[in-house]
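Undergrad: below are the sequence and a predicted model for it; my questions follow.
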Amino acid sequence: QVQLVESGGGLVQAGGSLRLSCAASGSIFSVNVMGWYRQAPGNQRDLVAVITSSGTATYAESVKGRFTISRDNAKNTGYLQMNSLKPEDTAVYYCNALIRTTQAMSGPDIYWGQGTQVTVSS
């Protein structure tokens with residue numbers, strides 16, 4: 001059984017910063033890509049950033065230069081540092097990871113965290 005647990009959300013003023021964490025636990029052989037997505041009320045869930053196991057990161061245009069994704073492979077934990085936050089960044093942020101639970105798997109399974117609320121006030 002694999003779980004992704006997010007933490008670090010909250011209420012912050014525009015221009016402020018937050019750091020989200022996503023810890024993967026359970027029977028894990030390897031963690032491939034880790035990513036962050038967000039969903040505002042009435043909107044679809046959109047990609048924010050993803051990072052490969054080797055550290056290559058990709059960002060949505062709307063967060064480039066403000067957000068930084070990183071990971072600690074030894075801890076199976078991913079992070080999203082969010083700076084210069086704007087009211088339009090308000091959303092529920094979800095962690096996502098591609099995880100192999102055994103070496104014999106032909107491909108990884110997709111796992112999602114429960115989501116953490118980020119609210120940016122103007």
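TA: Right, received. Where do you want to start? What you are looking at is a predicted structure, and each value in this text was computed from that prediction instead of being measured.

Undergrad: surely Ser62 is in a strand?
TA: No - according to DSSP: H, G, I helix; E, B strand; the rest coil, Ser62 belongs to no strand; its state is helix.

Undergrad: tell me the mean pLDDT for stretch 84-94?
TA: In this model, stretch 84-94 carries a mean pLDDT of 98.

Undergrad: go through that stretch and flag the buried ones.
TA: By neighbour count on 16 or more other C-beta atoms under 10 Å, the buried set for stretch 84-94 is Leu85, Asp89, Thr90, Ala91, Val92, Tyr93, Tyr94. Where C-beta positions appear, they are placed from N, C-alpha and C, glycine not excepted.

Undergrad: so who does the third one touch?
TA: By C-beta atoms under 8 Å, 6 or more residues apart in numbering, the residues touching Thr90 are Ala40, Val118, Thr119, Val120.

Undergrad: in helices only, show me these.
TA: Using DSSP state H, no member of the contacts of Thr90 falls in helices.

Undergrad: what subset of those is buried?
TA: The neighbour count (16+ other C-beta under 10 Å) marks Val118, Val120 as buried among those.

Undergrad: which residues of the protein score low on pLDDT?
TA: Across the chain, nothing is flagged by pLDDT under 70.
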